[in-house]
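*Asks:* just a sequence and a predicted model for now, questions to come.
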Amino acid sequence: MSWHDWVPVPALMRQAWDATKLAVATRAIKKERALVLAQNNQVQKTFKRKEAVKEVKRLFEKGDYEGVARAVLPEVVVDKSFDLVQFWWKVWDIYWIFVLLRIVFTFIPSNSGYIHPDEYFQSVEVVVGDALGLETHRTWEFNVTAPLRSPSLPFALYGLPLTGLKYVNMYVHNNFGINILGPYIIQLVPRIIMLIMSFSVDFMIYQICKLYKHSYNQCLTTLASSYIMLVYSTRTFSNTLELFLTSLLLYLVAHTMKRTDETVYLQELVQNSYKQADTVRDKVNIQKKRKLIPPHDFKYIIPIGIICAVGFFNRPTFVFFAFTPLFFWFQRGISTNSMFTPFQIFNFRIALMIPIILLTGGLLLLTDSLYYGQLTPHKLWHLTMDWQDWKNAPFNFIMYNLVPGNVASHGVHPHYTHLLVNLPILLGPLAPIFVLTVINWFCDILYMQWKDKPGVRTIFSLTLFSASLPIIGLSVVKHQEARFLLPIMPCVILMCAHKLRWKMNGWRPLLTLWYAFNILAAVWFGFIHQAGVLPIQRQISRLEHGGVPYVNLVYSHTYMPPRLPLMQPMHPHAGGPTLPYCSNPKTKYLVHDLGSSDLSLVHNRLLALISRGDYIYKTQKKAMHTLLVIPTHLLQPFHRLVKNSLHIHLLHSHGPHVSVEALGRFEPVYWDGEGEVTTLSVVFGAIYSLQQFSLSVLNVTMGHVSTVEMGQLDNKS
């Protein structure tokens, strides 16, 4: 180091001279850029005013739209616009198509496929009833004594928007006489919220791919084309919320792992430079650089703790999906020989995470207990509550599922159901690829040389264990459904999306099979499977019942129908102002869900209900109507069964609708009136058979019942 470096004046003059040269060079570059822009924009250079207008008109008539754009707009804007167009069509072209499909599927009314009753009865059914004052069905999971479901998250997501919409509807109705609330809007609002949240999965996948230089084009296209994102992600399952929370947790952990690797590398680099420094001045400068290294030990600890608590209250099974990301977050960068992240940091991270989880869980416990009513603000203020006032829904959920008889009442499955049945149902051709990838990784761990073994602290290991361990944990439980595995979707996509692009003679058979599988599954679950239940419910709410105080609704061979589309007020016969969005405020619907009961039991129930209605009318002068909702292809065997005992009148039908539970009674007809099978009879028979895949609502009245039939009815009842 020379003496010039120690004298301040020459150093300042040298810096000023360097700054002057930099300014001159920058000005020259700007002039050169302006000259290039002027040379490129020939219209502005050659023509002025009227001539320029004529030239733009000539370019437009010629069809040179790029030339028109360059004549009117700045060159930078045009270039960036063309870059954006190329980015749109060359990078995410198919992705945007599937994103548009996801949005369209959310808004069209025909997307009424009924996947599972838990879509409504574990969240929306209860929330709508409380927020809008409608009569809905509260399942046993929301009992006041020992509830199994936490209402805090559903009310925050669906209840607040619906409550706000209720008051907006009151204002609009009182001032303009317009009612904006209806069955479709009430079902649409939660789906829009889920649609918005579904894009968080896309964004998290995109961010992880950018962090680790992965192909986000392949991952996002594979993710968006999955029927899980097209259908499931916009439905109000607690498993879908679990998917959103898992993807967010996965991104936060992946980001902190990347930050830790970079920080530890910088710390070691600075430490080595510090050891090699010769002078005190150099060591001081290096020490200043050390302070610029960002912290990493407890990064994102607060959001990760909140996500874990919220996910646990949403579904206690979130523990299976959060275990691996949390472990990777705790142990990242830990080394017994490291002076930057010693093993004690592992314990410190756990110790700081626990209070955050407990604090968030305590807040959710408080809101749940206030909702169920036994804990009141008065008791809180005066500290007069006892332990029975607190409603710990996750604890009740776990204790309920630990009883074998309780689990058996919901269905018992073999332990291999998740692996051999549910994974292919959710992932299609991606399921065997995922299983083989996991097996191959463990084989590499066991049999490869130590230096060639795959790392266990990588993002690939994080996704592998985050997907495989929940499958193993959930397979221990005997009740297994495909939707329980929804949260593993982001991990599987990150691991295996590129393997679908395997080529054979220039053709990608796996990718083609993936697209075909997901399109068919989206059509089945979104538009066909039990797809007539909700439209029929909306149609019943629009029927004019003539002020009849009671209407029996008998459902046969359908899923349990949600009550919210009926738009029935909570107290239909009570005095006071009626809700403007209720079409039949003075009618009470009595729902009788017979499930897959035999048609003879349906017949007997109808006879009993109609006889009871006749008795009430004779004694109390109150009429009672009875409606039957049944798959159309069961009408013929039902007609043969009831004969003349009931009069049945078709009111409405909706298709397509397929009840898998009732397909055993489907009778295709491919012959003509003479019993012969011809080409024409096959065509007309196929058309007739397709028409049978619908759901019908019928008005049922008493016919001619013999004494023997009434005696059989009395014996069975």
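*Replies:* Okay, I see it.

*Asks:* which helix or strand in the protein has the lowest average pLDDT?
*Replies:* Of all the helices and strands that make up the chain, the one with the lowest confidence by mean pLDDT, DSSP states H and E is helix 42-46; it has a mean of 45.

*Asks:* what is the helix ranked longest in the chain packed up against?
*Replies:* In the chain, assigned by DSSP state H, the helix with the most residues is helix 238-276. Helix 238-276 makes packing contacts with helix 183-211, helix 280-292, helix 301-314, helix 318-331, helix 459-476, helix 489-496 when contacts are defined by 3 or more C-beta pairs under 8 Å, 6 or more residues apart in numbering; DSSP states H and E. Any C-beta I mention is one placed from the backbone N, CA and C, and that applies to glycine too.

*Asks:* nearest to residue 239 among those would be which one?
*Replies:* Each of the helices and strands packed on helix 238-276 was checked against residue 239 via C-beta to C-beta, and the shortest separation belongs to helix 301-314, namely 9.3 Å.

*Asks:* and residue 538, what is it in contact with?
*Replies:* Contact analysis of residue 538 by C-beta atoms under 8 Å, 6 or more residues apart in numbering lists 183-184, 565.

*Asks:* using the three-state scheme, assign it.
*Replies:* Counting by DSSP: H, G, I helix; E, B strand; the rest coil, the backbone at residue 538 sits in helix.

*Asks:* what sits closest to residue 578 if chain neighbours are left out?
*Replies:* Ranked by C-beta to C-beta, 6 or more residues apart in numbering and with sequence neighbours excluded, the top spatial neighbour of residue 578 is residue 585, at 4.1 Å.

*Asks:* before we move on, the earlier item: rank the helices and strands packed on helix 238-276 by mean pLDDT and give me the bottom one.
*Replies:* Lowest mean pLDDT of the helices and strands packed on helix 238-276: helix 280-292, a mean of 79.

*Asks:* mind listing what's buried in that one?
*Replies:* Taking 16 or more other C-beta atoms under 10 Å as the neighbour-count basis, helix 280-292 is seen to contain the buried residues residue 286.

*Asks:* from here on, count from 43
*Replies:* Taking 43 as the first residue, the last one we looked at is helix 322-334.

*Asks:* between helix 280-318 and it, find me the angle.
*Replies:* 180 degrees (axes from the mean of the first three to the mean of the last three C-alpha atoms, to 10 degrees).

*Asks:* helix 322-334 - contacts with which helices or strands?
*Replies:* Taking 3+ C-beta pairs under 8 Å, 6+ apart as the contact definition, the neighbouring helices and strands of helix 322-334 are helix 280-318.

*Asks:* the stretch 443-592 of the chain: strands as residue ranges?
*Replies:* Along the stretch 443-592 of the chain, the segments classed as strands by DSSP state E, counting those that start in this stretch run 592-597.

*Asks:* tell me which residue is most central in this structure.
*Replies:* The residue at the geometric middle of the chain, judged as the C-alpha nearest the mean C-alpha position with C-alpha atoms, centre = their mean, is residue 275 (2.5 Å).

*Asks:* now it: how far from residue 262?
*Replies:* If you measure residue 275 against residue 262 using C-beta to C-beta, to the nearest Å, the figure is 14 Å.

*Asks:* what do you get for residue 501?
*Replies:* Taken as C-beta to C-beta, the spacing of residue 501 relative to residue 262 amounts to 17 Å.

*Asks:* ditto for residue 486
*Replies:* 28 Å.

*Asks:* so where's the stretch 543-692 of the chain shaky on pLDDT?
*Replies:* Along the stretch 543-692 of the chain, the model assigns pLDDT under 70 to residues 614-619.

*Asks:* pLDDT (mean, whole number) over stretch 203-210?
*Replies:* Looking at stretch 203-210 alone, the average pLDDT works out to 92.

*Asks:* restrict that stretch to CA atoms and write it as PDB.
*Replies:* Below are the C-alpha coordinates for stretch 203-210, written out as PDB (Å, rounded to 0.1, in the frame of the first residue of the first chain):
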ATOM      1  CA  PRO A 203     -67.600 -11.900   3.100                       C
ATOM      2  CA  LEU A 204     -71.100 -13.400   3.300                       C
ATOM      3  CA  THR A 205     -72.000 -11.200   6.200                       C
ATOM      4  CA  GLY A 206     -70.800  -8.100   4.300                       C
ATOM      5  CA  LEU A 207     -72.800  -9.200   1.300                       C
ATOM      6  CA  LYS A 208     -75.900  -9.600   3.400                       C
ATOM      7  CA  TYR A 209     -75.700  -6.000   4.500                       C
ATOM      8  CA  VAL A 210     -75.000  -4.800   1.000                       C
END
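
*Asks:* buried ones in it?
*Replies:* Going by neighbour count (16+ other C-beta under 10 Å), the buried part of stretch 203-210 is 203-204, 207-208.

*Asks:* could you do stretch 414-424 as well?
*Replies:* By neighbour count, and taking 16+ other C-beta under 10 Å as the criterion, the buried residues in stretch 414-424 are 414, 417.

*Asks:* ok, residues contacting it?
*Replies:* Counting contacts by C-beta under 8 Å, 6+ apart, the residues outside stretch 414-424 that touch it are 186, 189, 408, 411-412, 426-427, 430-433.

*Asks:* go with 7 Å
*Replies:* Defining contact as C-beta atoms under 7 Å, 6 or more residues apart in numbering, one finds that stretch 414-424 is touched by 186, 189, 411, 427, 430-433.

*Asks:* kindly export that stretch (C-alpha atoms) in CSV.
*Replies:* Backbone C-alpha positions of stretch 414-424 (Å, rounded to 0.1, in the frame of the first residue of the first chain) are rendered in CSV as follows:
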residue,chain,number,x,y,z
TYR,A,414,-70.0,-22.5,20.7
GLY,A,415,-71.5,-20.3,23.4
GLN,A,416,-70.6,-21.8,26.7
LEU,A,417,-67.8,-19.4,27.1
THR,A,418,-69.1,-15.8,27.2
PRO,A,419,-67.4,-12.4,27.4
HIS,A,420,-69.0,-12.0,30.8
LYS,A,421,-67.3,-15.1,32.1
LEU,A,422,-64.0,-14.0,30.7
TRP,A,423,-64.3,-10.5,32.3
HIS,A,424,-65.2,-11.9,35.7
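
*Asks:* what about residue 173, which SS state?
*Replies:* helix.

*Asks:* how far does stretch 646-664 sit from its chain's centre?
*Replies:* Between the mean C-alpha point of stretch 646-664 and the mean C-alpha point of its chain there is a distance of 45 Å (C-alpha atoms, centre = their mean, to the nearest Å).
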